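A.B. asks: my questions are about this predicted structure, shown below with the sequence.
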Amino acid sequence: MEAAPHVIGADGGSTDPGPHYLGSGTGFCARLSVKRDLRLMLLAAMAARIPCIIGTAGGAGGEPHLQDTAALVREIAREEGLTFRMALIHAEQDAATLKAAVAAGRTKALAKLPPLDDATIDRAVRVVGMMGPEPIIRALDAGAQVILCGRSSDPAQWAAVAIRAGLPPAPSWYAGKMLECGAEPAVPKEPDCLLVTVRDDHVVCEPPNPVRRCTPLSVSNFALHENASPIRHVEPGGILDTADISIDAVTDRAVRVGGMRWTSSPTYTVKLEGVELNGHRTMTVCGTRDPVLIGQIDSYLAAHRDRVAARAAAIGVRAGSWRLAVRTYGRDGVMADWEPERDAGSPHELGFVLEVVAADQETANTVLAVARTSLLHADFPGRLCKEGNMAFPFSPSDIPLGPHYRFSIFHTMAVDDPCAPFPIEYETV
């Protein structure tokens, strides 16, 4: 804080952990951990009289996530005796608005998905729009000291402050790109803070923690993360072009990045993220180090799948109402059929994650129990062990995971007003 920053912010979420958190309305970070970080941020921001801005609050930026984060902020304020004006920027999109956009031809599919239609919207459990800096700037103009955003572009909360201060969009957005994962542009890598100074034509990155440093390599490495293109970063309202940037050390701990360019898009689009229920899921974990079984694991697993189907049908579970996946760790559990070293040699042990997804939890539990028993006890040529084939690390072995969601909406929506999809609610805390 001795460097006198103009904002303290955090990117509080991501789609990286998958669709469950958006669908369930729960966060993927522990409440106590989030509260600890929020307390530090709020105390520092209020003492310095600067804004504290949280993007994608609660992990996924839906309404439950936003409200849970707001409740934490109010709790900390009571405990610390803080008073401030807070803005909640909502990001959930209602079905009527989305259907109107579809009817007007204002939506476009991403990630090779089909065009958005009314049926997909009706099936969605929750849909959020990804805001840019404009709603955040509006909240700052209204005097908000603490701003909690629903789903937002990862760099938006920092870009908003810099753009509002009159700095050009290119370095403002680039600063946000550097800040969105904390100290990731620094080494050694570990969760921590980063300070970025924004100028008219460049930014300077430096970690406050003296045990870390930014280097041209560490900054270059981070600049490539989470982007389909290493030089074109599509953001709400435009494209950040980094094809001609220069990355230079200014001290042994600080790096200057210049030469970025910003091109505004002729049409402002908001990315939509939505999930739908895809059944219910149950899993188990087990392992074997039987060399005879490992030597014929492909044929064993193929026969196992057939046995599970036959036994499930025999107890009245309809074929096609469930799906079984078996991931084999120690061979190809991470990359599956893409694993280039799949046949590199025979491992001394293998681990298995069995997963069943079905329309309801009872069916998922039932088929998983059948699959677990079959994998444990089925015979195979040359079998010496006459007890179980597998070791299970947990009791109970079968773990019901509840509702299973999948991403069903990855589309853009053209808007005339970048603030319109994101209503702002103010309160005095």
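C.D. replies: Sure, I can see it. Residues are numbered from 1 along each chain as shown.

A.B. asks: let me see the ranges of the helices in the stretch 201-350 of the chain.
C.D. replies: Using DSSP state H, counting those that start in this stretch, the helices of the stretch 201-350 of the chain run over residues 216-223, 291-294, 297-314.

A.B. asks: can you redo those as CSV with mean pLDDT, mean neighbour count and distance to Ala87?
C.D. replies: (Glycine included, C-beta is placed from N, CA and C.) Output for those, formatted as CSV (pLDDT from 0 to 100; neighbours: other CB atoms under 10 Å; distance: least, CB to CB, whole Å):
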stretch, mean pLDDT, mean neighbour count, distance to Ala87
helix 216-223, 94, 18, 29
helix 291-294, 92, 16, 58
helix 297-314, 95, 15, 52
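
A.B. asks: Throw those into TSV and include distance to Ser395, thanks.
C.D. replies: Shown next, in TSV, are these (distance: least, CB to CB, whole Å):
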stretch	distance to Ser395
helix 216-223	43
helix 291-294	22
helix 297-314	22
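
A.B. asks: between these, which gets nearest to Gly320?
C.D. replies: When those are compared by CB to CB, helix 297-314 sits nearest Gly320, at 10.1 Å.

A.B. asks: which other helices and strands does the closest one contact?
C.D. replies: Helices and strands touching helix 297-314, by 3 or more CB pairs under 8 Å, 6 or more residues apart in numbering; DSSP states H and E, are strand 322-329, helix 361-377.

A.B. asks: export the ones you listed to TSV and tack on distance to Met130 and mean pLDDT?
C.D. replies: Listed next are these as TSV, based on distance: least, CB to CB, whole Å; pLDDT from 0 to 100:
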stretch	distance to Met130	mean pLDDT
strand 322-329	30	96
helix 361-377	32	96
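
A.B. asks: most tightly packed of these?
C.D. replies: helix 361-377 (a mean of 20; mean count of other CB atoms under 10 Å).

A.B. asks: which strands or helices does that one pack on?
C.D. replies: For helix 361-377, the elements it packs on are strand 269-288, helix 297-314, strand 322-329, strand 350-358, strand 399-414, judged by 3+ CB pairs under 8 Å, 6+ apart.

A.B. asks: other SSEs contacting the longest one?
C.D. replies: When you say that, I think you mean strand 269-288. By 3+ CB pairs under 8 Å, 6+ apart, strand 269-288 packs against helix 20-24, helix 118-123, strand 124-130, strand 350-358, helix 361-377, strand 399-414.

A.B. asks: now the angle from it to helix 361-377?
C.D. replies: When axes from the mean of the first three to the mean of the last three CA atoms, to 10 degrees is applied, the directions of strand 269-288 and helix 361-377 differ by 40 degrees.

A.B. asks: list the buried residues in strand 269-288.
C.D. replies: Across strand 269-288, burial judged by 16 or more other CB atoms under 10 Å covers 269-276, 278-286, 288.

A.B. asks: then the fourth one?
C.D. replies: For strand 350-358, the buried set under the neighbour-count rule, 16+ other CB under 10 Å, comprises Leu350, Gly351, Phe352, Leu354, Glu355, Val356, Val357, Ala358.

A.B. asks: about what we covered before: including distance to Ile315, could the helices and strands packed on helix 297-314 go into a markdown table?
C.D. replies: Formatted as a markdown table, the helices and strands packed on helix 297-314 follow (distance: least, CB to CB, whole Å):
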| stretch | distance to Ile315 |
| --- | --- |
| strand 322-329 | 12 |
| helix 361-377 | 7 |
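
A.B. asks: out of the ones you listed, which is closest to Leu240?
C.D. replies: Going by CB to CB, the one of the helices and strands packed on helix 297-314 nearest Leu240 is strand 322-329, 37.1 Å.

A.B. asks: who's in contact with the closest one?
C.D. replies: 279, 297, 301, 304-305, 308, 312, 333, 336, 350-359, 363-364, 367, 371, 375 (CB atoms under 8 Å, 6 or more residues apart in numbering).

A.B. asks: which neighbours in the sheet does the strand or helix carrying Tyr426 have, and how are they oriented?
C.D. replies: Secondary structure from DSSP states H and E places Tyr426 in strand 424-428. Partners of strand 424-428 in the sheet, by DSSP bridges, are strand 85-89 (antiparallel).

A.B. asks: and the strand it pairs with, C-alpha only, in CSV?
C.D. replies: C-alpha atoms of strand 85-89 as CSV (Å, rounded to 0.1, in the frame of the first residue of the first chain):
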residue,chain,number,x,y,z
ARG,A,85,-21.4,2.7,-0.4
MET,A,86,-21.6,-0.6,-2.1
ALA,A,87,-22.7,-1.5,-5.6
LEU,A,88,-23.9,-4.9,-6.8
ILE,A,89,-23.8,-5.3,-10.5
